[in-house]
Structure formats: C-alpha cells, structure tokens
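Asks: I'd like to go over a predicted model; first the sequence, then the structure.
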Amino acid sequence: VATDVSPQRITTAGVTGMVSRSKQGTTNNPPTPIFESWSGGSLGLAGIYCTAKVNSLGCAGSIGAAGTPSASAGSGFVISATNLLNNKFGLLFFGLSGPTDVPFQGGSLCVAAPIVRTAVQSSGGNPPPDDCSGSFGFDFNAYIASGSGSGLIAGQEVWCQYWSRDPGFPPPDNTNLTDALHFTICD
C-alpha cells in the first residue's frame with residue numbers, strides 16, 4: 001500500500017499519470033527496478049461486489065480472499081467466506097462471463113452463466129445450536145493446478161460467490177448466498 005501526498009499526485013480530477021507496482025516475487029534494487037505492466041481497472045487483484053443474502057439468523061455471509069490468483073503457483077490464493085451458519089454444506093461457484101445481479105433463492109445471484117460449481121464443503125464452526133460461526137475456504141490456485149477448470153489461464157477474469165444451506169428458510173429459499181468476488185488470474 002502506498003500513499004502519494006505530493007501536490008502533483010495522480011487523482012481522477014488531476015493530472016494524467018502512470019501507476020506501477022513492483023512485480024510480485026521480485027526485489028526492487030534501484031536503479032534497475034523490475035515492474036510488471038498494468039493498465040486500466042484497479043490496482044487491487046481482487047474486488048468485492050454485489051449484496052449478500054441475510055441468513056435466517058440475521059447474519060450476512062462475507063466473501064474474501066488472501067494471496068495472489070496465479071496460473072502457475074499451484075497454491076496460495078484462498079477464497080473464503082465467513083459469518084455463515086455453522087455445520088452446513090455449501091460450495092464456491094464461479095463463472096468467466098462476467099457479473100450479474102438477479103434474484104435467486106431469496107437473494108442475489110452475482111455470477112453470470114455459465115457457472116462452474118466446486119466441491120461441496122462443510123462450514124464447520126461451533127457445535128449446535130445454529131449460530132454464525134461457520135466459514136469456508138477454497139484454494140483457487142490449487143484448483144487451477146489440478147486441471148479441473150478449463151479457461152483458467154493468466155489474464156482470465158473470474159467472478160465467484162459462495163452458496164450454502166439454510167434450513168431456517170422454507171424451500172425453495174432454504175439457502176444462503178454471500179456477496180461476490182471478482183479477480184484476474186496472474187501468471
């Protein structure tokens with residue numbers, strides 16, 4: 001994280017400029033720094049969007065990520081969800097076609113079709129009774145390395161969201177949806 005406090009700093013209303021950051025995994029040894037290119041979008045590797053469905057206990061599940069999405073790393077980019085009902089089944093699903101925001105099972109479906117579902121997980125957390133101590137974690141880099149997903153290459157944008165069971169709602173809305181995550185796979 002860097003903060004530019006100079007009067008000539010780059011702002012949306014100010015002067016045109018360039019933003020750069022050191023390439024991940026390199027050491028910056030001036031006067032010969034190594035940079036990776038960037039244009040448009042956001043400097044962040046991942047961004048949260050859309051609205052989570054509030055579960056039957058009044059908690060909104062929250063998606064997050066740690067690490068860097070990579071086509072070659074083999075592991076180290078974990079997509080997580082917290083504030084979920086404990087001891088319930090759920091899964092991460094993703095798409096490569098973009099975001100959406102349409103009504104779905106009493107919440108918002110935030111990933112455009114076609115959608116790919118990952119393996120079912122248990123949210124764990126405290127023993128019964130139900131509370132919001134459940135969570136999920138999924139290493140997306142390991143998923144890429146396994147060869148399970150076609151099209152998961154460097155430069156590909158991905159949109160994803162967690163879905164889980166919520167028996168506190170009547171069918172067919174007896175599910176829960178987190179907010180969503182957008183990221184771009186790096187080399």
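Replies: Sure thing, it's come through. Residues are numbered from 1 along each chain as shown.

Asks: Surely Gly64 touches Ile79?
Replies: Yes: in this structure, Gly64 is within contact of Ile79 by Cβ atoms under 8 Å, at 7.5 Å. In this view, the C-beta of every residue, glycine as well, is placed from N, C-alpha and C.

Asks: Identify the contacts common to those two.
Replies: Leu181 (Cβ atoms under 8 Å, 6 or more residues apart in numbering).

Asks: Looking at those two, which has the bigger crowd around it?
Replies: Ile79 (28 against 16; other Cβ atoms under 10 Å).

Asks: bridging residues for that one?
Replies: Ile79 has these beta-bridge partners by DSSP bridges: Ala65, Phe138.

Asks: which neighbours does the lowest-mean-pLDDT helix or strand in the chain have in its sheet, and in what orientation?
Replies: Every helix and strand in the chain was compared by mean pLDDT, DSSP states H and E; the lowest is strand 46-49, with a mean of 89. Under the criterion DSSP bridges, strand 46-49 sits next to strand 175-184 (antiparallel) in its sheet.

Asks: Any regions of this protein where pLDDT drops low?
Replies: 1-45 (pLDDT under 70).
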